[in-house]
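J.: below: sequence and its predicted model.
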Amino acid sequence: MKQYLTYFVDDTIRFLENLTKNKPASIFDDPYLKAHKELHDKYNLKVQFNLFYQTIDKTWDLSMMTDEYKEEFLANKDWIRFGWHARHELPDWPYLNATYDEVMKDYSDIEREVIRFAGKEMLTRSAIAHWVAMTKEGMQALRDKGIENMSCTMGDPVDYPEARSVFSTEHNFKLDANKNLPVSKAFVCTRNGSSFTFGNFNHLKNEGVDKYLGKLQMYVEPETGMRYNRFACILLNSTKLCDCDPILENLKKYEHVCLAMHEQYFYEDYFAYEPDFAEKVGYSWKKMLDAGFEPILMDELCDLQK
């Protein structure tokens with residue numbers, strides 16, 4: 001069995017703001033990109049940066065990103081790609097009730113700026129929506145923009161009133177609003193009875209998760225043609241380095257494994273700063289390489305579908 005390894009970073013925007021404001025001679029003089037370049041040079045790391053359009057304080061957005069580094073980004077397209085994630089970090093689950101036009105605008109704004117400052121070749125065909133859940137209408141917008149693969153929510157639906165107390169007023173309002181919106185409907189689900197979360201159209205029930213988890217081949221949604229899967233994954237910013245080994249060992253049985261991170265954990269002024277950010281990525285990546293996994297970009301997953 002051939003096995004593949006990918007890595008993506010969600011909630012990405014800050015390093016682009018820093019490049020614009022600090023104006024280093026090279027993109028790899030930026031500490032965040034320097035850390036990734038060192039891992040690429042040492043272990044052939046490949047990364048997809050999933051972008052917000054706007055910073056959390058709304059003082060900076062991708063339209064302000066310098067285009068001075070376009071050629072340098074393009075020169076590294078063999079191991080760096082950019083993906084759409086969301087307009088902004090808040091609210092959580094931003095696409096539970098999203099219309100076609102809302103997702104089209106959010107995607108198009110990020111796409112336009114990436115093409116300007118990094119080049120069209122730097123865009124990926126694989127998407128991870130912020131908090132994952134997406135409406136059918138939003139999925140169709142992504143398909144119309146050329147997205148072929150995306151992550152999905154998972155678990156069997158549960159009775160909403162039973163789970164209501166674990167969600168905020170804002171999230172309960174979103175679900176209550178479903179009946180009045182002409183979009184596909186969000187719902188509450190749980191995987192093997194563990195924790196409640198939200199699901200939407202890009203969703204696999206537990207039976208489907210068991211069939212596709214960690215498989216290279218993805219589920220093909222018949223109405224939109226979108227392919228999706230719940231990737232076998234280790235979320236490194238939620239895992240201590242000393243706890244990585246048993247999780248990685250379990251992942252070695254799969255055809256495709258993802259390492260996942262969130263950008264904000266790299267920075268010292270973030271309340272949950274992780275000084276071993278790069279160490280955890282490098283350690284986990286090398287463990288899977290040593291187990292025989294082949295490193296690829298998330299974008300290359302599209303070419304491996306049958």
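T.: Thanks, I have the structure now.
J.: just the pLDDT for residue 232.
T.: On the pLDDT scale, residue 232 is placed at 80.
J.: can you tell me the closest non-neighbouring residue to it?
T.: Residue nearest to residue 232 in three dimensions, not counting chain neighbours: residue 214, with 3.5 Å by C-beta to C-beta, 6 or more residues apart in numbering. C-beta here means a position set from N, CA and C on the backbone, and glycine is covered the same way.
J.: what is the neighbour count of that neighbour?
T.: By the criterion of other C-beta atoms under 10 Å, residue 214 has 19 neighbours.
J.: try residue 182
T.: By other C-beta under 10 Å, 7 other residues sit near residue 182.
J.: with residue 113 instead?
T.: For residue 113, the neighbour count with other C-beta under 10 Å is 20.
J.: quick one: residues contacting it.
T.: Shown in contact with residue 113 (C-beta atoms under 8 Å, 6 or more residues apart in numbering): 53, 62-63, 65.
J.: surely residue 189 is in a strand?
T.: Yes: assessed by DSSP: H, G, I helix; E, B strand; the rest coil, residue 189 belongs to a strand.
J.: spatially central residue in this protein, please.
T.: The centre of the chain sits closest to residue 128, judged by C-alpha atoms, centre = their mean, with a distance of 3.6 Å.
J.: for residue 167, see how far away it is.
T.: To residue 167, residue 128 is 22 Å away according to C-beta to C-beta, to the nearest Å.
J.: tell me the pLDDT at the residue nearest to the centre of the chain?
T.: 97.
J.: check contacts around the residue nearest to residue 232.
T.: 231-232, 251, 253-257.
J.: quick check: buried residues in the lowest-mean-pLDDT helix or strand in the chain?
T.: Ranking every helix and strand in the chain by mean pLDDT, DSSP states H and E puts helix 160-163 at the bottom, with a mean of 82. Neighbour-count burial for helix 160-163 flags 160, 163 (criterion: 16 or more other C-beta atoms under 10 Å).
J.: name the helices or strands packed onto it?
T.: strand 187-190 (3 or more C-beta pairs under 8 Å, 6 or more residues apart in numbering; DSSP states H and E).
J.: next SSE downstream of the strand it packs on?
T.: strand 196-199 (DSSP states H and E).
J.: residue ranges with poor pLDDT in the chain?
T.: Within the chain, no stretch has pLDDT under 70.
J.: who's in contact with the helix or strand following the least confident helix or strand of the chain?
T.: For helix 160-163, the succeeding helix or strand toward the C-terminus, using DSSP H and E, is helix 169-176. Helix 169-176 is touched from outside by 91-93, 96-97, 160, 164, 167, 186-188, 198, with contacts defined as C-beta under 8 Å, 6+ apart.
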